[in-house]
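> Fold the following, please.
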Amino acid sequence: MRKYIQSLVILPLFVAPIFALAEDNNSATILQLQAQVTALQKQIEALRSTRANPALSAPGSSSGSASSAGNIGGLGGSVSAASINAAGAATSVAFDNSTANDDIAQLSNLRIQTISASSANEGIITAAYDFGVRCQKFSGKDAVSGVPVPCPLFNSQLYTIRVTSETQLFFRHRARAQLSDFAVGDRINVYGFMDRANLAIDALIVRNLDKPKQKSFIQLNNVEVVGLPAGGLPATLVVARKSPFPCFDYGTAGNSRATPLPCPLALESTSAQALPSSAEGSIAQHIAYKVMVSASTKIINRERVPMLLADISMGDKLNIYGTPTDSTGTIDALVIRDLSKPAETASRATIRAMAVNADLVCTQQDPGTSVGVLPCGLLYNATVRLYKNIALIAQRSTETGVAVFESVEPGLYTLEASAPGYQSEGSQSVVVEKGDYSVVLKLKTTASSSSTSAPTSTTAVNQ
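Predicted coordinates for the structure are as follows:
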């Protein structure tokens, strides 16, 4: 392997023990420390000159910000740009049998991207950084614990891991496993020799954190609705993770304290076979999930008030608590919380509903107009109910002469009224946008078979 140049940022690992000896006021010790500091400063200057032209840049970043990639915290060396393709995967990584210049490292919480098996227990795994990844460097194979260090690659790049017949493969509970027990999307911990030149890993131990499968309770946070269900329950929502919010793990019983967790593997494809047509083309470059909604799924708004699945809109931001299924990118939802509802008050409306006795009519003569027939006889003991999609949203009394529904979201609503001794002549529908709306609801006395005048048609008036 190529000669390894000591990394600049490993300096803190040496500075700590140096200054731990500074309590010794012996002049010889002080001179010795000064000499060591001077030597380190010379090394820094030498390293700065070698890093003037970095070998690797992260996609979308400047060369200056990426100059330390692959050479961080004393773990790994610089990687040739030729060995990284546009997707961040190693195109050709050379493995050798020498470990003289390798680091002994452990990388935790990597996510498998590809597996290429050459035999039952030999092959190549590529794995990517995921939320919660941790890297440690060990002084030797017999070291009990390692030193935490920054991970050497950007999260857009892949680690290449060689599994041989000497590699020990384990399940989560540390029972022996085969390479065939590992699959794309599984989370793994890898311990082995990392080549300082190309960051290839000869694995000594690979542990599958996702096998055997166990029921887990997780929460997707701040995901955006990109596909709505076509019918009633059970139904499927499609959501996309467009922001770097982590997922939460609530344990196998669902009652553990929330801890950050790498989000489950997302949908494998954004094709029409994988997603409803409403989601096609809207989640490019984003991570999408199917959310299975059943009759037992609890749906609440931002204020934790129950709401309907039909009230969820495209673009709404959701928190989803549930259990991942065996199907890739699919979550069985137990609780869905719509963070976008209720909407801002400025975009809502107010509906004012009056209940009147349809057996009475009033005539009104205004200057310059003809006689008009209007309902009259306000009822002060009526109850008005507001429905949306046949679901009762709210109900109000007319004890002040009018039932007022405030902060109503845009949409189609139905209102109906009832009162002791009266029967409704029918409900009224109103399409609400912004502003104030007035609705007149007619009721007839149960003893009357007809009104003294034909009832007039009433509709909502946007004021």
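> any weak-confidence spans in the stretch 351-463 of the chain?
The stretch 351-463 of the chain contains residues with pLDDT under 70 at 361-376, 447-463.
> how about the strands in it?
Shown for the stretch 351-463 of the chain, the strands assigned by DSSP state E, counting those that start in this stretch span residues 361-364, 372-375, 383-388, 391-397, 403-408, 411-418, 422-424, 428-432, 435-445, 461-462.
> quick one: which of the ones you listed is nearest Ile112?
Checking those against Ile112 by Cβ to Cβ gives strand 391-397 as the closest, at 44.0 Å. For glycine as for every other residue, the C-beta is placed from the backbone atoms N, C-alpha and C.
> can you pull the buried residues of the longest strand along the chain?
If you go by DSSP state E, the chain has its longest strand at strand 102-119. Neighbour-count burial for strand 102-119, counted by 16 or more other Cβ atoms under 10 Å, picks out 102-113, 115.
> What is the nearest of those to Leu392?
Using Cβ to Cβ, Arg111 is the member of the buried residues of strand 102-119 that lies nearest Leu392, at 45.2 Å.
> Look up how far Ile320 lies from the closest residue in space to the closest one that isn't next to it in sequence.
Nearest non-adjacent residue to Arg111, counting by Cβ to Cβ, 6 or more residues apart in numbering: Asp130, 4.4 Å away. Look at Asp130 and Ile320: by Cβ to Cβ, to the nearest Å, they are 19 Å apart.
> which one of those two has more residues nearby?
Higher neighbour count among Asp130 and Ile320: Ile320, with 24 against 17, using other Cβ atoms under 10 Å.
> in the sheet, who's paired with the more buried one?
Taking DSSP bridges as the rule, Ile320 bridges to Leu220, Ile336.
> ok, it touching Val335?
Yes - the pair Ile320 / Val335 is scored as a contact, 7.5 Å apart, by Cβ atoms under 8 Å.
> picking that back up, just curious, which of the buried residues of strand 102-119 is nearest to Ser313?
Closest approach between those and Ser313, by Cβ to Cβ: Arg111, at 31.6 Å.
> Test my guess that the closest one contacts Ala183.
No - counting by Cβ under 8 Å, Arg111 does not reach Ala183; the two are 11.1 Å apart.
> Could I get the contacting residues of the nearest residue to Pro420 once chain neighbours are set aside?
Distances taken as Cβ to Cβ, 6+ apart place Asn381 nearest to Pro420, at 6.4 Å, with adjacent residues excluded. Going by Cβ atoms under 8 Å, 6 or more residues apart in numbering, Asn381 touches 397-399, 419-420.
> out of those residues, who has the most neighbours?
In terms of neighbour count, Thr398 stands highest of those at 22 neighbours, by other Cβ under 10 Å.
> Grab the nearest non-local neighbour of that residue.
Distances taken as Cβ to Cβ, 6+ apart place Ala382 nearest to Thr398, at 4.5 Å, with adjacent residues excluded.
> Likewise for Val147?
Among residues not flanking Val147 along the chain, Lys137 sits closest, at 5.2 Å (Cβ to Cβ, 6+ apart).
> hang on, the earlier thing: minimum distance to Gln178: which of the strands of the stretch 351-463 of the chain has it?
strand 391-397 (52.0 Å).
> Can you spell out which helices and strands pack onto the closest one?
strand 383-388, strand 403-408 (3 or more Cβ pairs under 8 Å, 6 or more residues apart in numbering; DSSP states H and E).
> so for stretch 136-149, what's the average pLDDT?
The average pLDDT for stretch 136-149 rounds to 82.
> Then stretch 309-316?
The average pLDDT for stretch 309-316 rounds to 93.
> what comes up buried for that stretch?
309-312, 316.
> Just send the residues you listed back as JSON lines, with secondary structure too.
Listed next are the buried residues of stretch 309-316 as JSON lines, based on DSSP: H, G, I helix; E, B strand; the rest coil:
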{"residue": "Leu309", "secondary structure": "helix"}
{"residue": "Ala310", "secondary structure": "helix"}
{"residue": "Asp311", "secondary structure": "helix"}
{"residue": "Ile312", "secondary structure": "coil"}
{"residue": "Asp316", "secondary structure": "coil"}
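> Between those residues, which sits nearest Glu425?
Proximity of the buried residues of stretch 309-316 to Glu425 (Cβ to Cβ) peaks at Ala310, which lies at 27.5 Å.
> Distance check, that closest one against Ala391.
Separation of Ala310 from Ala391 (Cβ to Cβ) stands at 8 Å.
> How about Arg241?
From Arg241 over to Ala391 (counting by Cβ to Cβ), the distance is 29 Å.
> Lys298 now?
15 Å.
> ok so, going back, residues touching the residue nearest to Arg111, list them.
Asp130 neighbours (Cβ under 8 Å, 6+ apart): 109-111, 155, 187, 262-263.
> Export those to JSON lines and append columns for pLDDT.
JSON lines is the format used below for these (pLDDT from 0 to 100):
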{"residue": "Asn109", "pLDDT": "86"}
{"residue": "Leu110", "pLDDT": "89"}
{"residue": "Arg111", "pLDDT": "89"}
{"residue": "Asn155", "pLDDT": "60"}
{"residue": "Arg187", "pLDDT": "89"}
{"residue": "Pro262", "pLDDT": "72"}
{"residue": "Cys263", "pLDDT": "78"}
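> Please consider this matter closed, and thank you.
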